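J.: Got a predicted model here, sequence first, then my questions.
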Amino acid sequence: MFVGEAPGRQEDAEGRPFVGAAGRLLGELLALTGLRRDRVYITNVVKSRPTDRTDGSNRAPHPEEVAACAPWLDQQLAIIQPRLIVTLGAYALNTFLPGKKVSKVHGRVFRSNGHTILPLFHPAAALYGLRREILHRDFRRVQEVFAEIGLRQ
């Protein structure tokens, strides 16, 4: 299971996560790991697009929005029962591992509440300056973690 922050404009319009520019990059990164998008479950912590009321632009989710959407994420986890949760970015990371900073823990495996969690940078970070090599290296960790926990692709 890959968990991001919240839908952007295009995701909100299409009703599917990661279909914009960050989604295209996510597809490339999944391919790098040997995964196909149609073989993994992708979701977001917040289920509707948080926007700025003044200009309608995307904004970070507020804590009350994250809390309001938590039951849906909990239900997804109960249904999917993922063996590995890959958090994409700070908001997803803090949902599963509060207080951790993605810049400090990306690519490291954690266990929490019965889940194996692999924090990674959000693909959008590469659209705003993060070197793609970092994302490539982190996504290669997905393959390694699969082997460590006995998952096949």
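T.: The structure has been received and is ready for your questions.
J.: any idea how far Arg111 lies from Ile149?
T.: Separation of Arg111 from Ile149 (Cβ to Cβ, to the nearest Å): 10 Å. Backbone N, C-alpha and C define where each C-beta goes, glycine included.
J.: the more surrounded of these two?
T.: Each of Arg111 and Ile149 has its neighbours counted (other Cβ atoms under 10 Å); Ile149 has more, 12 against 8.
J.: Can you give me the separation between the nearest residue to Arg83 once chain neighbours are set aside and Glu14?
T.: With Cβ to Cβ, 6 or more residues apart in numbering as the criterion, Arg83 has its nearest non-adjacent residue at 5.5 Å, and that residue is Leu151. Per Cβ to Cβ, Leu151 is found 29 Å from Glu14.
J.: returning to that earlier point: just say helix, strand or coil for the residue nearest to Arg83.
T.: Three-state call for Leu151 (DSSP: H, G, I helix; E, B strand; the rest coil): coil.
J.: what stretches of the chain score poorly on pLDDT?
T.: Applying pLDDT under 70 to the chain flags the ranges 51, 59, 152-153.
J.: by contact count, what packs against the helix or strand where Glu133 lies?
T.: If you go by DSSP states H and E, Glu133 is part of helix 132-149. For helix 132-149, the contact count by 3 or more Cβ pairs under 8 Å, 6 or more residues apart in numbering; DSSP states H and E identifies helix 21-32, strand 115-120, helix 124-127 as packing neighbours.
J.: Repeat the analysis, applying 7 Å as the threshold.
T.: Identification of packing neighbours for helix 132-149 by 3 or more Cβ pairs under 7 Å, 6 or more residues apart in numbering; DSSP states H and E yields helix 21-32, strand 115-120.
J.: can you count the residues close to Asp138?
T.: For Asp138, the tally of surrounding residues (other Cβ under 10 Å) stands at 20.
J.: which ones are touching it?
T.: Going by Cβ atoms under 7 Å, 6 or more residues apart in numbering, Asp138 touches His106, Gly107, Leu120, Phe121.
J.: Please report how far the last one lies from Ala78.
T.: Which is Phe121. On the measure of Cβ to Cβ, Phe121 and Ala78 end up 27 Å apart.
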